[in-house]
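Peer 1: Take a look and give me a structure for this.
(one chain, ligands or ions: 1)
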Amino acid sequence: MSVRPARTADAAAIARIHVASWRTTYAGLIPADFLAGMSARAQQSRWSEILSAQGRATFVYVVESDGEVVGFASGGREREGNPRYSGELYAIYLLQEQQGKGLGRKLFEAVAGRLADTGHRAMLVWVLAANSAARGFYEHLGGSFLGDARHHVAGLQVDEASYGWSDLEQFSPGRAWPAG
Ligand code: ACO
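Peer 2: The predicted model follows:
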C-alpha cells in the first residue's frame, strides 16, 4: 500500500472510484436516479481539470494497493472563508472492498500533513449528515463536531455536518504520523 500525490494520468482511475464509491456509500441517502446517472466519463473530465490545476490551493492524493489506484483524497483552502479553519479536506473515497484496512487513515494523514506543511494550522471537513460511518471515522481521528448546514452538492440540496481539527502540526511529515 502506498499513498502518493496524484498525477493527471490518474483522472480515469479517480473518476471510476468516485462513481463506484458514491453508489455504494450513498445508496438510500441520495436519490437513486442521481446515482444511476453518474458518469465516469463526465467525472474524468472534471478530475482532469482538478488534477492539472493542482497547487497550494487544491491538491489530490491517491492510494495504491497491488499497483492499482483504489482510493483518493483531495484538499486545499477552506471554501467558505471560515476564520478559524483555513484548510479543508474536500473529499476522501475508497472502493468499498478496500475500506476498513487503514488506507483511509493514510490518505487523511497525507492531506492533513500537506495542509500543515503549507502553513495551515487547522482544517475542517463537510460530510453528509446521514453518513454515519464516515462521521465515526472523522470522530475517531480526533475531529470535533462544528455544526450542521444545508449545502448544494453536485446540484442536490443535502444536510451536512462539519468536523474540525485545530492542531494539524501533528500530521506534518517527519512528526508523529509520516504522510507515508
Ligand atoms: N467509527 C469509529 N471508528 C472508525 C470508523 C467508524 N465508523 N471507521 C473507521 N474507524 C477507525 C478505524 O477503526 C481505524 O482506527 P485505527 O487506525 O485507530 O485502528 C481508523 O478509523 C482508520 O480507519 P481506516 O480503516 O483507515 O478507514 P477506511 O480505510 O475505511 O477509510 C473512509 C475511511 C475514507 C471513510 C472509507 O471508509 C470510505 O471511502 N468510505 C466511503 C466513502 C465516504 O463515506 N467518504 C467520506 C465522504 S465525506 C468527504 O468526502 C469529505
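
Peer 1: Spatially nearest residue to L146, not counting backbone neighbours?
Peer 2: Leaving aside its chain neighbours, L146 sits nearest to S162 (4.3 Å; criterion: C-beta to C-beta, 6 or more residues apart in numbering). In short, each C-beta sits where N, CA and C put it, glycine included.

Peer 1: you'd agree the one you found is in a helix?
Peer 2: No. Going by DSSP: H, G, I helix; E, B strand; the rest coil, the assignment for S162 is strand, not a helix.

Peer 1: Go ahead and confirm it touches Y138.
Peer 2: No. Using C-beta atoms under 8 Å, S162 makes no contact with Y138, being 9.4 Å away.

Peer 1: shared neighbours of these two, which are they?
Peer 2: The contact sets of S162 and Y138 overlap at 125, 127 (C-beta atoms under 8 Å, 6 or more residues apart in numbering).

Peer 1: what sits against the residue nearest to L146?
Peer 2: Contacts of S162 by C-beta under 8 Å, 6+ apart are 124-127, 145-149.

Peer 1: Counting neighbours, what do you get for the residue of the chain found nearest the ligand?
Peer 2: With C-beta to the nearest ligand atom as the measure, G104 is the residue of the chain nearest to the ligand, at 1.8 Å. Using other C-beta atoms under 10 Å, G104 has 20 neighbouring residues.

Peer 1: That one belongs to a helix?
Peer 2: Yes. Membership of G104 in a helix is supported by three-state DSSP.

Peer 1: Give me the distance between the residue at the greatest distance from the centre of the chain and L156.
Peer 2: Ranked by distance from the centre of the chain (C-alpha atoms, centre = their mean), the top residue is D33, with 23.5 Å. As judged by C-beta to C-beta, to the nearest Å, D33 and L156 stand 11 Å apart.

Peer 1: Could you do R77 as well?
Peer 2: 24 Å.

Peer 1: do the same with E88
Peer 2: With C-beta to C-beta as the criterion, E88 and L156 are 19 Å apart.

Peer 1: between these two, which one's more packed in?
Peer 2: Of the pair E88 and L156, E88 is the one with more neighbours under other C-beta under 10 Å, namely 25 against 12.

Peer 1: residues from this structure in reach of the ligand?
Peer 2: Residues of the chain that fall close to the ligand, judged by C-beta under 6 Å from any ligand atom: 21, 25, 89, 91-94, 99-105, 125, 127, 131, 133-134, 136-137, 140.

Peer 1: Kindly supply the ChimeraX command isolating those of those residues that are buried.
Peer 2: Those of these that count as buried under 16 or more other C-beta atoms under 10 Å are selected in ChimeraX with:
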select :21,25,89,91,92,93,94,99,103,104,125,127,131,134,137
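
Peer 1: neighbours around the closest residue to G102 other than its chain neighbours, how many?
Peer 2: Leaving aside its chain neighbours, G102 sits nearest to M1 (7.6 Å; criterion: C-beta to C-beta, 6+ apart). M1 has 14 neighbouring residues, counting by other C-beta under 10 Å.
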